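Asker: pasting a predicted model and its sequence here:
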Amino acid sequence: MNDSADHVNVTRRKKWKNTTKRCSLIAVFFSTALLVSTSTLYISWSWLAIQTDEKKLEDSTALYFDERSSKEFPSLRQKKRIFKNESDTVQVVSTAEISEVTSTEQELDHSSDHLDSALSSGTHNSDIYQPHKAGKRLLTYGRFGGRLNNQLFQFITALQHAKVLKRTLVVPDEVRDVDWTGMFDVGFGIWDLESLNAAYDIDWTTGLSADFTSSIPNECVLTPKEGRDLLSRGPELWNEWDTKCPDVIDLAGRTGLLFCEQQHQFCGDYEAKMEAYNIYSHIKLSPSLLQYTPSKRNDFKSEGFNELAIHSRRAGEGGYDWELCIKGNSRTCRGHTTGNARDLFCDIRTMKGNCAIWLDLDYQIKSKSALKTNQKDYRFVLASDGAHDWSIDFKSQFIAANNTDWLLDLEKKIREHNDPEQLIESMSVSSLVRSKLKGKKELSKLRENLDSVTATLLDLFSLIDSKYLLGAYYSTLSLNACYFRGLDRIYDSNMCWMLMHPSSEYAITPSPRETVNLHNTSQNDNLPAALMSDVEHAFIRSDDGNFIAIGRYLIRYGKGEVIGILGDGLVPLMIEKTPSGEESVRANFTCSYGEIQDSPATVILMKGDQSIEEHYYKRGSKYKTPFSANGDRFRTMIILCEKLKFDRGLSRHPPLILQSQDDNFSVTIGSSFQRPVGQVKSAKSSVRHNRLVHCLNPVYGLKDPRWLIEYLEYHRAIGVEHVHVYNVDLHTPGMQSALELYRKEGFITRHDWSGKASGGYTQITYEHAKWAAQTDCALRSRGMFDYALFSDIDEVAVGPDSSSISAYPNGHLAPALDLCDEANKQNGKIACSFNSKTVTSIYTKLDKEEELASKDKLIMERYNRIEANPFCPANCRCRAKNCTVLDQMFHYGRQKYFANVGDTSIPPRPMWTHALSRDYNEMKSLMEVLPEEVMHVRHYQGHWYIDKNMIDSVEEVDAPLLQSLMGTVRSSILDSTGKESTHTKQSIYSNAKDVATSSGLDWITPVTTATSQEEDE
């Protein structure tokens, strides 16, 4: 056999012919015998004997672990799977594969699907179905919205149905922005549909009339179930529909994408599915647009960019719940695989990492041939949603399509025409374009649509030409790319083979000899640190490197929303003063987003005890960083773009651009819009209470998960409903397992705040970007919670010993929040601060008897003594001689605070450590100080006592945490034993205790005090 007969190349395959007759299996082998050697014929008969054996063959995934055969499985180059050609004869492409299958007696459980096709009667449905020519014989569908890729898939599905049912496809009008594909408006030069129109009966005119849709009888609008059953039920059902609806069938109305059997699967039998595949070979971009795909560049092959193509999805799709992507990936993967293949290919690391490929690139590649030994060796074509700045880790390693020149050429064509209005009118066909451009002489009203559609199409067609495709399992863009690449290239991808299996129920797994990064089911693999996150932050630098955009947000403000940016660093601005000395800040740059260009920007900076200019430009000059720093350098900021409007109708949002008029400052932010998501459920209670979120400051240096577990359980017991964890380096297996458990409970949101994720930012700014983390948490929580608590991992919030509200236990924070509410109503206070008390007993080394007595205690129970009085100047300020009067307000007393985030009329602001801002004159009017007996934090840190050698002289008082709360914490840990999970809180806690080098806090080194030494003696 020659190579051209070895496989079906879908992209070049001719149309099915009604006159094609299927040969019998005997004739197939007889003709084969005339063309091949005797040895090949013998092998073919051996293959047939295996296929017809009554014994079920083992699942393909068993090949990965089966040691009964020393024979290697065929390589990808040999692996040409069994498909049918135009005559429907069976072609066994690789004799090497046949002989190896014969020797190992291993193939797929679902290989019988191929056998059934091969040994069937040989008659196509297209041969059987010969409808009468009565009626108009039309088929149409309703547009449901969604991304361009969904529109394309829906169009191809409808055209497939029209072809199989021997009807003409009436393409429905494009009315909304989400409908627009540019297919009607061919004058814009997006598509080349000549081949498509020549091969299929497509009506591009009738659907433009509103009367067409309204004239379709209700009984001819298929239900979703009727739509899914239509092709699979065959000619008998088709004849019934011909009698019922001779003029037009509306395919499943507006119910969305028509998937059959599995996610992303075309409907019908083998012949029908192949017809859908064939349609892709006729869909082409116009040469004027296609020229901007990376494969047309001179360095595409010479620099190695043809080796790999990556479709990068946004991790944060669906707000900050990127599990939307993970669940979709898992549903797709598990739907197309069976048996052990599900464990091997659908593991959580693959599913999650696929949603943020830049974090785990090596593991996402499943082919040895595409894998590199060093990350810096990769060269690839990138198709990205613009959600992540790949240049942070892969600068100069990728190329991407750019539609800018195409758009400029189109606008130039319009501008230079002698009658632009007439030209635009002649190009406008769809209702959307006609409504947008009626009477216009330029394209500004359509520019966003043109940009979005052509950018997406260039992304799609960029994925076709590279050798290996690393796609997104749940994405219709990656799905369409697989179909464009064709059946003969399905194994040159991490996922095309999984989605394309027209002649089998489940996917045929790739060769184990060339497959890498499969899940080891015998081990509990921990996720890489980079994937232990639930939030995608932008962390995009400005062109000059002096500013970083942490993210773009939809900020609830008043009764509406405003688009904003959280950032840090230097931006072009003007600080102005009024005659009375009041300062204001004016931005010397603008915001652009979609059609709105150069909109005014408002910069909100943190205030201090000195001038804005002092804190912004002069303070902290000794620190070699352009960002916020110690010494009260305040460069954390919120930028509001109040004139911009967020369009909820868009599935793919254009980037947000900040740019100065002189172009010296520019930053482009394409990440997901961060916004409050109603994910946290209210606690079940008959008493109305203030909902509290904990904005936990960046956590670093903690390795023992016991403290983390106790900390989270304790704060849950006193009223915290959700915690945002900004994870700098909590990357030990125990910490990861604990965080994963609390995430599954919905109690925490994990933020990757590491140096790698932030491009180094969190390593070179004040306390790992504490102010940025606090502000991010406050922006996400606005309108979702009533109050936010700001504190560190070594600070434990302590409520009143007895609760004034009977519905809540002693120690609950409800009374403190009630006082805040009252202060707000009576005096307009918008935050409440409270003092810090140092737990001094953390430094005392216990003797053997004390250690034995503390063996079964929680870590929190070990330390019951606190300082009797604050120590100045560490956590107070002397206001009189001999410190007879102390000042503990704000940072003098290391205070922490609640902030009102429920009232969205309060202007957003950057959040400081010990108060809303460092401007104490303002804070005294905005913040209430709570009594210590109602609220304080217990600080498990006090290095000043060690630094000044005072640990023996400090005056202490016994102040154990409430035993009732300790009992609740202990019960919460123990009660996790019965839950179905590889790890439980108890197992994680016990394992950590067994391997701990210290019985106490892992960030403290205790010392032997004089008192304890005397007791020992």
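Answerer: Alright, I've got the coordinates.
Asker: now N197: how far from V186?
Answerer: 10 Å (CB to CB, to the nearest Å). For every residue, glycine as well, the C-beta is placed using N, CA and C.
Asker: over to P809?
Answerer: P809 is 70 Å from V186, by CB to CB.
Asker: count of residues packed around K577?
Answerer: Per other CB atoms under 10 Å, the neighbour tally for K577 reads 12.
Asker: for it, phi and psi?
Answerer: For K577, the backbone dihedrals (degrees, to the nearest 10) come out as phi -120, psi 140.
Asker: which stretches in the stretch 701-850 of the chain count as helices?
Answerer: Along the stretch 701-850 of the chain, counting by DSSP state H, counting those that start in this stretch, helices occupy 705-717, 733-744, 770-781, 814-827, 848-853.
Asker: check the stretch 451-600 of the chain too.
Answerer: Listed in chain order, the helices of the stretch 451-600 of the chain (DSSP H, counting those that start in this stretch) span 476-485, 496-499.
Asker: returning to that earlier point: what about N197 and V186, which has more around it?
Answerer: The neighbour count for N197 versus V186, taken as other CB under 10 Å, is higher for V186 (16 against 11).
Asker: the more buried one contacts L196, correct?
Answerer: No: with contacts counted by CB atoms under 8 Å, V186 stays clear of L196, the gap being 11.3 Å.
Asker: can you give me the strands for the stretch 451-600 of the chain?
Answerer: In the stretch 451-600 of the chain, the strands defined using DSSP state E, counting those that start in this stretch lie at 468-470, 540-541, 547-557, 560-569, 573-577, 583-587, 590-593, 596-600.
Asker: tabulate the ones you listed in a markdown table, adding columns for mean pLDDT and distance to H724.
Answerer: As requested, those are exported to a markdown table (pLDDT from 0 to 100; distance: least, CB to CB, whole Å):
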| stretch | mean pLDDT | distance to H724 |
| --- | --- | --- |
| strand 468-470 | 98 | 31 |
| strand 540-541 | 91 | 21 |
| strand 547-557 | 94 | 13 |
| strand 560-569 | 96 | 14 |
| strand 573-577 | 94 | 29 |
| strand 583-587 | 95 | 28 |
| strand 590-593 | 95 | 26 |
| strand 596-600 | 94 | 30 |
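Asker: turn those strands into JSON lines, including distance to R233.
Answerer: Listed next are the strands of the stretch 451-600 of the chain as JSON lines, based on distance: least, CB to CB, whole Å:
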{"stretch": "strand 468-470", "distance to R233": "34"}
{"stretch": "strand 540-541", "distance to R233": "52"}
{"stretch": "strand 547-557", "distance to R233": "46"}
{"stretch": "strand 560-569", "distance to R233": "48"}
{"stretch": "strand 573-577", "distance to R233": "67"}
{"stretch": "strand 583-587", "distance to R233": "63"}
{"stretch": "strand 590-593", "distance to R233": "49"}
{"stretch": "strand 596-600", "distance to R233": "51"}
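Asker: what's the closest of these to F747?
Answerer: strand 547-557 (22.4 Å; CB to CB).
Asker: with just CA atoms, put that closest one into CSV.
Answerer: Output of strand 547-557 as CSV, limited to C-alpha atoms (Å, rounded to 0.1, in the frame of the first residue of the first chain):
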residue,chain,number,x,y,z
PHE,A,547,4.7,50.1,37.9
ILE,A,548,3.0,46.8,38.3
ALA,A,549,-0.8,46.2,37.7
ILE,A,550,-1.9,43.5,40.2
GLY,A,551,-5.2,43.2,38.6
ARG,A,552,-8.2,44.9,37.0
TYR,A,553,-11.5,45.0,38.9
LEU,A,554,-15.2,45.6,38.8
ILE,A,555,-15.5,47.6,41.9
ARG,A,556,-18.9,48.0,43.5
TYR,A,557,-19.3,51.7,44.2
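Asker: counting contacts, what elements does that strand pack onto?
Answerer: Helices and strands touching strand 547-557, by 3 or more CB pairs under 8 Å, 6 or more residues apart in numbering; DSSP states H and E, are strand 540-541, strand 560-569, strand 666-669, strand 673-674, helix 770-781.
Asker: again, only this time at 6 Å
Answerer: If you count contacts as 3 or more CB pairs under 6 Å, 6 or more residues apart in numbering; DSSP states H and E, strand 547-557 packs onto strand 560-569, strand 666-669, strand 673-674, helix 770-781.
Asker: return the most buried member of these.
Answerer: helix 770-781 (a mean of 26; mean count of other CB atoms under 10 Å).
Asker: what's the angle from that helix to strand 560-569?
Answerer: Calculated by axes from the mean of the first three to the mean of the last three CA atoms, to 10 degrees, helix 770-781 forms an angle of 170 degrees with strand 560-569.
Asker: quick one: contacts of helix 770-781?
Answerer: 550, 553, 555, 566, 568, 628, 636, 676, 693, 695, 697-698, 724, 726, 788, 790, 901, 910-911 (CB atoms under 6 Å, 6 or more residues apart in numbering).
Asker: could you give the angle of that helix to strand 547-557?
Answerer: Using the same axes, to 10 degrees: helix 770-781 against strand 547-557 is 30 degrees.
Asker: what is the mean pLDDT for helix 770-781?
Answerer: For helix 770-781, mean pLDDT rounds to 96.
Asker: using PDB, write down the CA coordinates of that helix.
Answerer: The C-alpha trace of helix 770-781 is given here as PDB (Å, rounded to 0.1, in the frame of the first residue of the first chain):
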ATOM      1  CA  LYS A 770       1.000  43.500  52.400                       C
ATOM      2  CA  TRP A 771      -0.800  46.700  51.400                       C
ATOM      3  CA  ALA A 772      -1.600  45.400  48.000                       C
ATOM      4  CA  ALA A 773      -3.000  42.100  49.500                       C
ATOM      5  CA  GLN A 774      -5.100  43.900  52.000                       C
ATOM      6  CA  THR A 775      -6.500  46.200  49.200                       C
ATOM      7  CA  ASP A 776      -7.200  43.300  46.900                       C
ATOM      8  CA  CYS A 777      -9.100  41.500  49.600                       C
ATOM      9  CA  ALA A 778     -11.200  44.600  50.400                       C
ATOM     10  CA  LEU A 779     -12.000  45.200  46.700                       C
ATOM     11  CA  ARG A 780     -13.200  41.600  46.300                       C
ATOM     12  CA  SER A 781     -15.300  41.700  49.400                       C
END
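Asker: circling back: closest one to N403 among the helices and strands packed on strand 547-557?
Answerer: Here strand 666-669 is closest among the helices and strands packed on strand 547-557 (CB to CB), at 14.9 Å.
Asker: parallel or antiparallel, list what pairs with the closest one.
Answerer: strand 656-659 (antiparallel) (DSSP bridges).
Asker: of the helices of the stretch 451-600 of the chain, which is nearest Q826?
Answerer: Closest among the helices of the stretch 451-600 of the chain, using CB to CB: helix 476-485, at 55.9 Å.
Asker: in that closest one, which residues are buried?
Answerer: Using 16 or more other CB atoms under 10 Å as the test for burial, helix 476-485 gives 476-485.
Asker: ok so, going back, mind checking which of the strands of the stretch 451-600 of the chain is nearest F394?
Answerer: strand 468-470 (12.9 Å).
Asker: which residues are in contact with that closest one?
Answerer: So strand 468-470 is contacted by 308-310, 364, 370, 463, 492-494 (CB under 6 Å, 6+ apart).
Asker: ok, stretch 743-760 next?
Answerer: For stretch 743-760, the external contacting residues (CB under 6 Å, 6+ apart) are 392, 532-535, 539, 698, 723-728, 739, 742, 762-763.
Asker: kindly recompute the last result at 7 Å.
Answerer: Stretch 743-760 is touched from outside by 320, 392, 529-530, 532-535, 537, 539, 541, 679-680, 698, 712, 716, 722-729, 739, 742, 762-763, 768-769, 773, with contacts defined as CB atoms under 7 Å, 6 or more residues apart in numbering.
Asker: among the helices and strands packed on strand 547-557, single out whichever gets nearest to D201.
Answerer: Among those, strand 673-674 sits nearest to D201 (CB to CB), with 42.8 Å.
Asker: got the CA coordinates for stretch 724-738 in CSV?
Answerer: In CSV, the C-alpha atoms belonging to stretch 724-738 read as follows (Å, rounded to 0.1, in the frame of the first residue of the first chain):
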residue,chain,number,x,y,z
HIS,A,724,-8.3,35.1,51.8
VAL,A,725,-4.9,33.5,52.1
TYR,A,726,-2.0,35.3,50.3
ASN,A,727,0.4,32.4,49.9
VAL,A,728,4.1,33.5,49.6
ASP,A,729,5.8,30.1,50.3
LEU,A,730,3.4,27.7,52.0
HIS,A,731,4.5,25.0,49.7
THR,A,732,5.3,22.0,51.9
PRO,A,733,3.1,18.9,51.2
GLY,A,734,1.4,19.3,54.6
MET,A,735,0.6,22.9,54.0
GLN,A,736,-0.7,22.2,50.5
SER,A,737,-2.9,19.4,51.7
ALA,A,738,-4.4,21.6,54.5
